[in-house]
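K.L.:
Got a sequence here, can you build the structure:
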Amino acid sequence: MVGVGVIGTGYWGRNHVRTFCALRDEGLIEEVVICDSDEARATIIASEFDCKFVTNAESLSSLGVSMVTIATPTPSHAKLAISMMHAGLDVLVEKPLAMNIKEAEEIKAVAEETGRLLLVGHVFRHHAGVRKAAEMIRNGELGPIRHIVSERLAVREPREDIGVIAALGIHDLDICTDILGGIKPVSIRGMANESEIKGIEDHADLLLEFPADVSGGEGVMASIHLSWRSRIRGKVRSLEVIGRDGSLYVDYMDHSGIWFYSHPNNAQGAEFGGFGAAPRERVEIAISEPALTAELRDFILRSKGDRNGITLNGVDVGIEGMQLVENALRVTGFLPE
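P.N.:
As a prediction, the model looks like this:
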């Protein structure tokens with residue numbers, strides 16, 4: 001029997017449960033077991049999705065579970081991940097991997113020691129639009145990249161464990177490096193506002209400078225806008241990539257395609273939009289599914305040994321993402337030197 005456990009059934013953990021149960025109904029796995037210290041919540045979700053539940057993660061391995069996802073608050077990630085790998089289970093930990101680099105390195109060391117599969121929930125690396133954008137940049141369809149604009153906005157109360165840079169911005173910091181072929185920024189600057197919780201930022205603007213990129217440019221500027229106080233626009237998840245010859249717009253809430261704007265050699269004039277946007281065309285993605293489904297499907301297949309090769313969201317991706325977050329927190333004054 002192939003069983004999957006989900007530890008933590010809050011907002012995002014519930015999405016894990018829903019997605020795994022859909023993959024169970026598809027026949028990819030046989031059992032989903034949820035674990036939450038809140039028995040009342042676990043009972044409700046288990047009933048909704050027709051699965052078993054426990055309140056102690058240590059009992060998961062005795063129920064036929066061979067892999068788990070950890071979607072609990074960040075301070076608990078390291079202890080749970082290490083415990084589950086020592087119990088012989090493969091693990092996917094939601095981002096950020098841990099509270100700091102030291103903890104992250106300890107988790108990685110246990111994965112190497114036990115030989116268990118360890119992935120990190122950088123879910124947007126599995127977004128069909130992001131993968132298509134990375135392919136078009138790599139193929140030179142946009143020409144040299146000039147700049148990137150990434151926005152991730154929401155309306156919610158601040159978290160008590162991490163702020164908006166680690167909770168949201170980690171995605172944008174990671175995706176900027178991903179679509180530029182893994183090139184890391186040479187500098188990060190920014191400002192952030194503190195929420196009503198001391199030491200927790202709920203609004204931030206970051207500016208990244210990249211060296212020469214995979215498309216042949218001399219350097220790229222990326223601006224990242226993050227907020228939990230988006231009272232005017234509400235939820236926004238978008239990525240703009242502007243090149244010399246063309247630009248891309250990705251709406252993360254759209255899994256079926258992206259928009260390409262044509263302006264060869266930075267062409268001007270009425271034919272190319274005049275003072276408005278350049279002419280655009282829809283780039284449809286024939287085979288796509290929600291990013292979380294793609295990520296969890298990949299986790300299952302790799303755990304079962306049915307998929308090999310380099311994964312999009314291995315542990316080193318998780319650690320590099322944390323390093324970018326720590327740099328951003330440091331320059332905005334939310335991480336002591």
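
K.L.:
Any regions of the chain where pLDDT drops low?
P.N.:
Scanning the chain with the threshold set as pLDDT under 70 gives 213-217, 337.

K.L.:
Residue 284: neighbour count?
P.N.:
By the other C-beta atoms under 10 Å criterion, the neighbourhood of residue 284 contains 10 residues. All C-beta spots, glycine's among them, are computed from the backbone N, C-alpha and C.

K.L.:
Which residue is the nearest non-sequential neighbour of residue 179?
P.N.:
For residue 179, ignoring the flanking residues on the chain, the nearest one in space by C-beta to C-beta, 6 or more residues apart in numbering is residue 134 at 4.5 Å.

K.L.:
all strands in the stretch 151-300 of the chain, in order from the N-terminus.
P.N.:
In chain order, the stretch 151-300 of the chain shows strands spanning 187-194, 201-210, 220-227, 236-243, 246-251, 257-262, 280-284, with DSSP state E, counting those that start in this stretch as the criterion.

K.L.:
chain center to the second one: distance?
P.N.:
Spelled out, that is strand 201-210. For strand 201-210, the separation from the chain centroid amounts to 17 Å (computed by C-alpha atoms, centre = their mean, to the nearest Å).

K.L.:
Outside of that strand itself, which residues are in contact with it?
P.N.:
By C-beta atoms under 8 Å, 6 or more residues apart in numbering, the residues outside strand 201-210 that reach it are 158, 163-165, 169, 172-173, 176, 180, 183-195, 219-229, 328, 332, 334.

K.L.:
and with 6 Å instead?
P.N.:
Judged by C-beta atoms under 6 Å, 6 or more residues apart in numbering, the contacts made with strand 201-210 from elsewhere in the structure are 158, 163-165, 180, 183, 185-195, 220, 222-229, 328, 334.

K.L.:
swap in the first one?
P.N.:
Residues outside strand 187-194 that contact it (C-beta under 6 Å, 6+ apart): 201, 203, 204, 205, 206, 207, 208, 209, 327, 328, 331, 332.

K.L.:
which one of these is nearest residue 300?
P.N.:
Top of the list for closeness to residue 300, among those and by C-beta to C-beta, is residue 328 at 32.4 Å.

K.L.:
Just list the residues touching the closest one, thanks.
P.N.:
So residue 328 contacts 165, 188, 206 (C-beta under 6 Å, 6+ apart).

K.L.:
Could you rerun that using 10 Å?
P.N.:
Residue 328 makes contacts with 165-166, 169-170, 172-173, 185, 188-190, 192, 201, 204, 206, 208, 224, 226, 334-335, as judged by C-beta atoms under 10 Å, 6 or more residues apart in numbering.

K.L.:
Pull out the buried residues from these.
P.N.:
Members of these that pass the buried threshold by neighbour count (16 or more other C-beta atoms under 10 Å) are listed as 165-166, 169-170, 172-173, 185, 188, 190, 192, 201, 204, 206, 208, 224, 226, 334-335.

K.L.:
from the contacts of strand 187-194, which is closest to residue 259?
P.N.:
Among those, and counting by C-beta to C-beta, the member closest to residue 259 is residue 208, at 23.0 Å.

K.L.:
thinking again about what came up before, can I assume the residue nearest to residue 179 sits in a helix?
P.N.:
Yes: secondary structure of residue 134 (DSSP: H, G, I helix; E, B strand; the rest coil): part of a helix.

K.L.:
Can you give me the separation between it and residue 251?
P.N.:
If you measure residue 134 against residue 251 using C-beta to C-beta, to the nearest Å, the figure is 16 Å.

K.L.:
more neighbours, the two?
P.N.:
Relative neighbour count places residue 134 above the other of residue 134 and residue 251, with 18 against 14, counting by other C-beta under 10 Å.
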